[in-house]
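Engineer: Any chance you can model this:
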Amino acid sequence: MRLLILGYSSIVERRVLPAAAEVGRIETISIASKSRPRPENWPKQGLFFDDYEAALRGSDCDLVYLSLPNAMHERWAMAALAAAKHVIVDKPAMMTLAASERAVEEARRVNRLVAEATVFGYHPQFATLAEFVAETGPMTQAAAQFIIPPLPIGNFRSHAEFGGGCLLDMGPYAAATMRILGGDGISDVTALAGGRHPETGVDMGFSMLARLGNGGTFSGHFSFEGEYQNRLLVVGRSGSVLIERVFTPPADHHVEWRRRIRNVDDIVTFEPADGFANFLEAVTSAIAGGDHERFHRDLVSDARCRDMIAKALASSNPPHQSV
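Structural biologist: A predicted model of the protein is given here:
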């Protein structure tokens, strides 16, 4: 399988390329970048392009990985599907629920896969977490915090015209966590907006509360406005787990759980695992087997969840009306 990456971003350089190098089904990797020069070398080196259209025309790739500013995702995902390529898109795959549904509809029409790269759930700890909840549950509540310091003004996430803002950037973490822990379908969503960027006005954070499909509750605080936080607490009837670095564990990181069962604490440590590599393994396996629907369902489900958060934010923080 031949991979073409559109957009030589930091996440591509740090995580996608090393992960793709470990995936056996990926034979060659080509790169297209308009903003950065050709790298001296990269694993499984294929072609380099300085134009995205030329890359789609000139590459013999089977699979395209899009790592572009959010506002460009829909255009290039649809272009890749039109060129009969399978597509992975950095989160958020699309900026709206309607765009997500259009992309999946087109992927189904041309018998191709389109997937959102929300990779944290592919860490092995989540299979263990499901077993833990089955043994100590039912799960009654989960609480997440993902907070980063303010981004530089030059970062595209600071600009609405590029699809910036905290809800688009971090909403996929909230949506995927709720899907993983509670199944499809959330309800009773309430939300409170954080601040606005002092120069560009994009949203800088949100807090939310929702009822999950399995009856538990999820609360989350996501922000570009504070000291770094990255954790998830899952509470069941007779046990709980607190996980640090849950959303972005490095490939060489030993994830630790602070586990409590019937008021007895212990520490569980996991061997390092690369969520990006596991995700790419799952995608390439699905392509090889012709089973695309799991990724399509997840993409639309998470977009629908993010849309519900957006509506709850709009309801609780209505725009000022002129008198």
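Engineer: C-alpha only now, for contacts and for neighbours.
Structural biologist: Will do.
Engineer: so which strand or helix has Phe126?
Structural biologist: helix 125-136 (DSSP states H and E).
Engineer: buried ones in that helix?
Structural biologist: 125, 129, 132-133, 136 (16 or more other Cα atoms under 10 Å).
Engineer: Arrange those in CSV, one row each, with distance to Pro198 and pLDDT as further columns.
Structural biologist: Formatted as CSV, the buried residues of helix 125-136 follow (distance: Cα to Cα, whole Å; pLDDT from 0 to 100):
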residue, distance to Pro198, pLDDT
Gln125, 38, 97
Leu129, 40, 97
Phe132, 43, 97
Val133, 42, 96
Thr136, 45, 95
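Engineer: and those as a markdown table, adding distance to Glu199?
Structural biologist: Shown next, in a markdown table, are those (distance: Cα to Cα, whole Å):
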| residue | distance to Glu199 |
| --- | --- |
| Gln125 | 40 |
| Leu129 | 41 |
| Phe132 | 45 |
| Val133 | 44 |
| Thr136 | 48 |
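Engineer: out of those residues, who's nearest Ala273?
Structural biologist: Gln125 (9.2 Å; Cα to Cα).
Engineer: what number of residues lie near the residue nearest to the closest one when sequence neighbours are not counted?
Structural biologist: Spatial nearest neighbour of Gln125, chain neighbours left out: Phe270 (7.3 Å); criterion: Cα to Cα, 6 or more residues apart in numbering. Applying other Cα atoms under 10 Å, we find 13 residues neighbouring Phe270.
Engineer: residues contacting Phe270?
Structural biologist: Contact analysis of Phe270 by Cα atoms under 8 Å, 6 or more residues apart in numbering lists 125, 254-256.
Engineer: Beyond the helix holding Phe126, next helix or strand please.
Structural biologist: Remark: after helix 125-136, the chain's next helix or strand is strand 139-147, criterion DSSP H and E.
Engineer: Check what contacts that next one and list those residues.
Structural biologist: Contacts of strand 139-147 (Cα under 8 Å, 6+ apart): 133, 170, 174, 215-237, 247.
Engineer: Now a PyMOL select for only the buried ones of the residues you listed.
Structural biologist: Under the burial definition 16+ other Cα under 10 Å, those of the contacts of strand 139-147 that qualify are selected in PyMOL by:
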select buried, resi 133+170+174+215+216+217+218+219+220+221+222+223+224+225+229+230+231+232+233+234+235+236+247
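Engineer: so Leu168 is in which element?
Structural biologist: Per DSSP H and E: helix 166-182 holds Leu168.
Engineer: relative to strand 139-147, how tilted is that helix?
Structural biologist: Going by axes from the mean of the first three to the mean of the last three Cα atoms, to 10 degrees, helix 166-182 is angled at 150 degrees with respect to strand 139-147.
Engineer: And helix 166-182, what's buried?
Structural biologist: Judged by neighbour count using 16+ other Cα under 10 Å, the buried positions of helix 166-182 are 166-179, 181-182.
Engineer: Which residue would you name as the spatial centre of the protein?
Structural biologist: The chain has Thr118 as the residue nearest its centroid, 2.6 Å off, counting by Cα atoms, centre = their mean.
Engineer: gap between it and Arg112?
Structural biologist: In this view, Thr118 and Arg112 are 19 Å apart by Cα to Cα, to the nearest Å.
Engineer: Could you do Pro138 as well?
Structural biologist: According to Cα to Cα, Pro138 and Arg112 sit 37 Å apart.
Engineer: Neighbour count for those two, which is higher?
Structural biologist: Arg112 (22 against 16).
Engineer: Does that one fall in a helix, a strand, or a coil region?
Structural biologist: Per DSSP: H, G, I helix; E, B strand; the rest coil, the secondary structure class of Arg112 is coil.
Engineer: No further questions, thank you.
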